[in-house]
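**Student:** show me how the following folds:
(chains A and B)
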Amino acid sequence: MICFPAPDSGLLAKRDAIVAGLRQLLPDTSVIAEPLRLKAYETDAFTAYRQTPLAVALPSTTAEVSRVLRFASEQGVNVVPRGAGTSLSGGAIPAADAIVVGLGKFNRILDIDYANRCVVAQSGVTNLALSHAVAERGFYYAPDPSSQIACTIGGNVAENSGGVHCLKYGLTTHNVLGVELVLPDGEVLRIGGRHLDSGHYDLLGLTVGSEGLIGIVTEVTVRILRRPQTARALLIGFAGIEDAGAAVAGIIAAGIIPAGMELMDRPAIHAAEDFVHAGYPLDVEALVIVELDGPEVEVDLLIERVSAMAERHGAVSCRASTSEAERLRFWAGRKAAFPAVGRISPDYFCMDGTIPRGELPRVLAAIGEMSERYGLRVANVFHAGDGNLHPLILYDANRPGELDKAEEFGNEILKLCVDAGGVLTGEHGVGIEKRDLMTYQFSEADLEQQHRVKRAFDPGLRFNPGKVFPSLHRCAEQGREHVHAGAARFPDLPRF
Amino acid sequence: MQPGSGIRPASTDELVEALCRDARPLAVRGLGSKRAIGRSIDAEPLDLSALEGVVDYRPAELVLTARAGTRLAAIEALLAEHGQRLAFEPPDLGKLLGANGNGGGGTLGGVLAANLSGSRRISAGAARDHFLGVTAVDGRGALFRAGGKVVKNVTGYDLPKLLAGSWGTLAVMSEVTLKVVPSAETERTLILPDREPAAAVATLTAALGSAHEVSSAGFDPWRGSLLRLEGLKLSVAARAQALLRELGSPDVEILEGPASREAWSSLAGGEALAGWPVVWRISVPPADATRVLRAIEPERYLLDWGGGLILAAYDTVDAARVRSALGDGHALLLKAPADSRTCRLHPPGAAVGQALERVRDAFDPDRRLNPGRMD
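**Tutor:** The predicted structure follows:
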């Protein structure tokens, strides 16, 4: 059970005045205060929890964001930034005493600059729209979180989002050149730009992955890359998940960095195959998808090398895509794995720990044992190449106690990741979900150092309260209201 | 550890002790290879060269943990034994700075503290991009860890990024974890006969905008435009051929393997500029390079990063001229007479400047770590 900080009753009592104040700063249509319309903002993709905010502000310019934040600062009101609301860690779940500042109107691409190989966009532009905007010249934006048709580049910056291809092309932090950041007091900072490496303290690096705790990003400059000439995928079946884990570690150890390397276990394979009929083998315990990209001669050679390596690690089946259609079919099941699992269980939690690759076999075996002990099924679908696990814990929230049991199971998995030399979250963020486990990975002194940085930007601790830092005083009882069986948000989005 | 002659901790505990003993200002240093960068400061030396040694290196994980004072050369030799390297290719500025062989490439901690990256920066990322985790002691003497020992990690603030490029003014690093990568099977450099910066930047831009995975792109007006391809032999050969076809250049010099490596280490190390007393390291949007060069008129210059990095040499410091020429960008006064009072870093705007000061307060409120070195 995750607790929210108890709301400030003084702020709740001032609600009407706060809404009236916002309406003086923004056009009427940009302020939402009606209970029914506020419902749309109660949660994000971490749907087990929800909170109704005081109000929602939808500014459309940086100057408006600045005015809203200055007003919030004067009034002492909390602020929760929000992009598309696709956070899997509850990063955009409101606080009851907060204004949600939604960036939905920041939806314009401002400049496509091929000479400097970058795109400047407002922060509410979706991840995929960036790639679409430069596709005609053969370019793309590399980080590809699975929610990329909906998630915004501003949200990607806040969470340092990854995706299948970050194994080779890096996370958001490696692909962002600059941001415009509005601080909690309304001050506007321009950080970075179309050049590399500012020379001062890396405020850009700090902003990326700060989970909406130090300000609101209104504009982002990203670097773009040329699309690789070719891409082919291998679909490799194993009789045991440990073999699959060892093969993954072996491929990287041999000096090959594939564009993507994903692993699914038997429950995930079957769920995906039943759902999208990707042609996956059903008689294997684990399936590894390896994508190789680059010039054709290189890709063909690496396909051979990886196939041979898979065989040495006991692969029972191995198919290489021979056409673009086949490559996409290989991926179709993987991309549909989360919703596919949603079909075989009323509810699931998605974990996100990262471990050293060499620990994959041991950790996967331990998760299997836990699954039996908790009496809850697990489907494993994850970014094996960089050791980023996504065990999906299947449960039914309608059964009394099962949600708590699932949370406890998830916590045990994440602690195991830390014990194995890894971390709590590889790409989904801490949010509220993993907040209370931060003390397991970090000492008090470690967290205090991070918190000093937080206070340097947000001395009043008003930005995204209750997230990331486990500094709870009292616990509010409202908060958890379960979303169940198909009522999940964005059920049609592929999830990785 | 003898007071007066500097402090030389040999463990993290001794480092904490050294910082907690009193509140004196400290001049943080490794092997002194970059001491010529920045102003000389009047503070007791804190010598990290005894904080030395690899703590953990598992080649299959592509991750290495070492004490911050470990010599870069030792790290690079160890990685090479396992067919790996630091992707960001830290430049050796020894010849340029005239540090008299003082530590060569310096220490691992020093490379990170300066966030110095070589020619592969444009394709593989900067030092900061490979800096995964850190154990450090801040100006108050508080020990903290941040980041982790895995590549994919978004747990907590990315404090390693803040320490990268902080020139030792936020915290003293004790132990660092880096991402390492497999070395390329081979590399080849194509030298095209450009002589003017506008033509050169056009060549570099066309090459970097191609699908042929050019890993480095630079220009030396005395030599021409340099384009590097790295990877599997047959892939490099195929890409080189396709790239030349695309660029349509008839007259090309080709450097293979060691000669190619040497060309890039010389370029990134600014060796051709070693004879000048003043050198600026200027980061600009690549398409601005030609305009900026016209405005700053250096005696001699080199371009790297596809035009995005200008190394500009002069006889004297004319900061106003260099700094006023930039739009987006940053001009670091890399080499200058020790008594030059010019601020080494590019002055930030007021709002960013305040944010930077607050970050510094969060780590070193009394400004005792390398005070005034880069200000």
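**Student:** now chain B against chain A: closest residue?
**Tutor:** B:Lys161 (2.7 Å; Cβ to the nearest Cβ). The way it works is simple: take the backbone N, C-alpha and C, and place the C-beta from them, glycine included.
**Student:** how about the helix or strand hosting that residue, which residues are buried there?
**Tutor:** Here B:Lys161 sits within helix B:159-163, counting by DSSP states H and E. Neighbour-count burial for helix B:159-163 flags B:Leu159, B:Pro160, B:Lys161, B:Leu162, B:Leu163 (criterion: 16 or more other Cβ atoms under 10 Å in any protein chain shown).
**Student:** could you dump whichever helix or strand comes after it to PDB, C-alpha only?
**Tutor:** Where DSSP H and E defines the elements, the next helix or strand beyond helix B:159-163 is strand B:171-179. C-alpha atoms of strand B:171-179 as PDB (Å, rounded to 0.1, in the frame of the first residue of the first chain):
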ATOM      1  CA  ALA B 171      32.500  17.200  -4.700                       C
ATOM      2  CA  VAL B 172      35.700  15.100  -4.600                       C
ATOM      3  CA  MET B 173      35.200  11.800  -6.400                       C
ATOM      4  CA  SER B 174      36.600   8.700  -4.700                       C
ATOM      5  CA  GLU B 175      35.300   5.900  -6.900                       C
ATOM      6  CA  VAL B 176      33.700   6.000 -10.300                       C
ATOM      7  CA  THR B 177      31.800   3.500 -12.500                       C
ATOM      8  CA  LEU B 178      31.900   3.800 -16.300                       C
ATOM      9  CA  LYS B 179      30.300   2.100 -19.200                       C
END
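**Student:** please enumerate the strands of the stretch 201-350 of chain B.
**Tutor:** B:214-220, B:224-231, B:253-256, B:278-283, B:300-304, B:309-314, B:330-335 (DSSP state E, counting those that start in this stretch).
**Student:** ok, now the stretch 251-400 of chain A?
**Tutor:** For the stretch 251-400 of chain A, the strands defined by DSSP E, counting those that start in this stretch occupy A:260-265, A:286-294, A:315-320, A:347-350, A:378-382, A:391-395.
**Student:** ditto for the stretch 1-150 of chain B
**Tutor:** B:26-29, B:44-47, B:54-58, B:63-67, B:84-85, B:131-138, B:143-147.
**Student:** and for the stretch 51-200 of chain A?
**Tutor:** Counting by DSSP E, counting those that start in this stretch, residue ranges of the strands within the stretch 51-200 of chain A are A:55-57, A:78-82, A:98-102, A:109-113, A:118-122, A:139-140, A:176-182, A:188-192.
**Student:** and A:Gly155, what is it in contact with?
**Tutor:** A:Gly155 makes contact with A:Gly83, A:Ala84, A:Thr86, A:Ser87, A:Ala92, A:Ser161 under the criterion Cβ atoms under 8 Å, 6 or more residues apart in numbering or on different chains.
**Student:** reformat the strands of the stretch 1-150 of chain B into a markdown table and put mean neighbour count, mean pLDDT and distance to chain A next to each item.
**Tutor:** As requested, the strands of the stretch 1-150 of chain B are arranged in a markdown table below (neighbours: other Cβ atoms under 10 Å in any protein chain shown; pLDDT from 0 to 100; distance: least, Cβ to the nearest Cβ, whole Å):
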| stretch | mean neighbour count | mean pLDDT | distance to chain A |
| --- | --- | --- | --- |
| strand B:26-29 | 22 | 96 | 16 |
| strand B:44-47 | 20 | 96 | 19 |
| strand B:54-58 | 15 | 96 | 7 |
| strand B:63-67 | 23 | 98 | 7 |
| strand B:84-85 | 18 | 97 | 8 |
| strand B:131-138 | 24 | 98 | 7 |
| strand B:143-147 | 22 | 98 | 4 |
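**Student:** leaving out the residues flanking it, which one is nearest to A:Leu183?
**Tutor:** The shortest distance from A:Leu183 to any non-neighbouring residue, by Cβ to Cβ, 6 or more residues apart in numbering or on different chains, is to A:Gly215 (4.7 Å).
**Student:** now do the one you found against A:Val119, distance only.
**Tutor:** 22 Å (Cβ to Cβ, to the nearest Å).
**Student:** re earlier: just give me the neighbour total for the residue nearest to A:Leu183.
**Tutor:** 28 (other Cβ atoms under 10 Å in any protein chain shown).
**Student:** where does the residue of the stretch 201-350 of chain A found nearest chain B fall, phi/psi-wise?
**Tutor:** Chain B sits closest to A:Gly205 of the stretch 201-350 of chain A, with a gap of 2.7 Å, by Cβ to the nearest Cβ. Per-residue torsions, A:Gly205: phi -60, psi -30 (degrees, to the nearest 10).
**Student:** if I pick it, what's in contact with it?
**Tutor:** Taking Cβ under 8 Å, 6+ apart as the test, what A:Gly205 contacts is A:Thr173, B:Arg128, B:Asp158, B:Lys161, B:Leu162, B:Ala164.
**Student:** what's the answer for B:Ala23, then?
**Tutor:** Shown in contact with B:Ala23 (Cβ under 8 Å, 6+ apart): B:Asp366, B:Arg368.
**Student:** contact residues of the stretch 151-300 of chain B facing chain A?
**Tutor:** Residues of the stretch 151-300 of chain B found near chain A (Cβ under 8 Å from any Cβ of the partner chain) are B:151-159, B:161-162, B:164-166, B:170, B:181-183, B:205, B:208-213, B:231-232, B:234-235, B:238-239, B:242, B:283-288.
**Student:** in helices, which of those fall?
**Tutor:** Among these, the members found in helices (DSSP state H) are B:Leu159, B:Lys161, B:Leu162, B:Thr205, B:Leu208, B:Leu234, B:Ser235, B:Ala238, B:Arg239, B:Ala242.
**Student:** tell me the pLDDT at the spatially closest residue to A:Ile257 that is not a sequence neighbour?
**Tutor:** In this structure, A:Ile257 finds its nearest non-sequential neighbour in A:Lys168, 5.3 Å apart by Cβ to Cβ, 6+ apart. A:Lys168 is assigned 95 on the pLDDT scale.
**Student:** okay but A:Lys168 is in contact with A:Ile256, surely?
**Tutor:** No: contact criterion Cβ atoms under 8 Å: A:Lys168 and A:Ile256 do not qualify, at 10.2 Å.
**Student:** before we move on, back to that, could you save the contacts of A:Gly205 as a markdown table and add columns showing pLDDT and distance to A:Ala249?
**Tutor:** Rendered in a markdown table, the data for these read as follows (pLDDT from 0 to 100; distance: Cβ to Cβ, whole Å):
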| residue | pLDDT | distance to A:Ala249 |
| --- | --- | --- |
| A:Thr173 | 97 | 25 |
| B:Arg128 | 98 | 27 |
| B:Asp158 | 97 | 26 |
| B:Lys161 | 98 | 28 |
| B:Leu162 | 98 | 32 |
| B:Ala164 | 98 | 28 |
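**Student:** make CSV out of those residues and add distance to B:Ala350.
**Tutor:** Formatted as CSV, the contacts of A:Gly205 follow (distance: Cβ to Cβ, whole Å):
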residue, distance to B:Ala350
A:Thr173, 26
B:Arg128, 25
B:Asp158, 25
B:Lys161, 23
B:Leu162, 21
B:Ala164, 24
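**Student:** spatially central residue in chain A, please.
**Tutor:** A:His428 (3.3 Å; Cα atoms, centre = their mean).
**Student:** confirm that one sits in a helix?
**Tutor:** No: A:His428 sits outside any helix when classified using DSSP: H, G, I helix; E, B strand; the rest coil, being coil.
**Student:** list the contacts of A:Gly215.
**Tutor:** A:Gly215 makes contact with A:Leu181, A:Val182, A:Leu183, A:Pro184, A:Leu189, A:Thr207, A:Phe457, A:Asp458, A:Phe463, according to Cβ under 8 Å, 6+ apart.
**Student:** and what of B:His330?
**Tutor:** Residues near B:His330 by Cβ under 8 Å, 6+ apart: A:His195, A:Asp197, A:Ser198, A:Gly199, A:His200, B:Ile282, B:Ser283, B:Leu345, B:His346.
**Student:** hmm, 7 Å instead?
**Tutor:** Contact analysis of B:His330 by Cβ atoms under 7 Å, 6 or more residues apart in numbering or on different chains lists A:His195, A:Ser198, A:Gly199, B:Ser283, B:His346.
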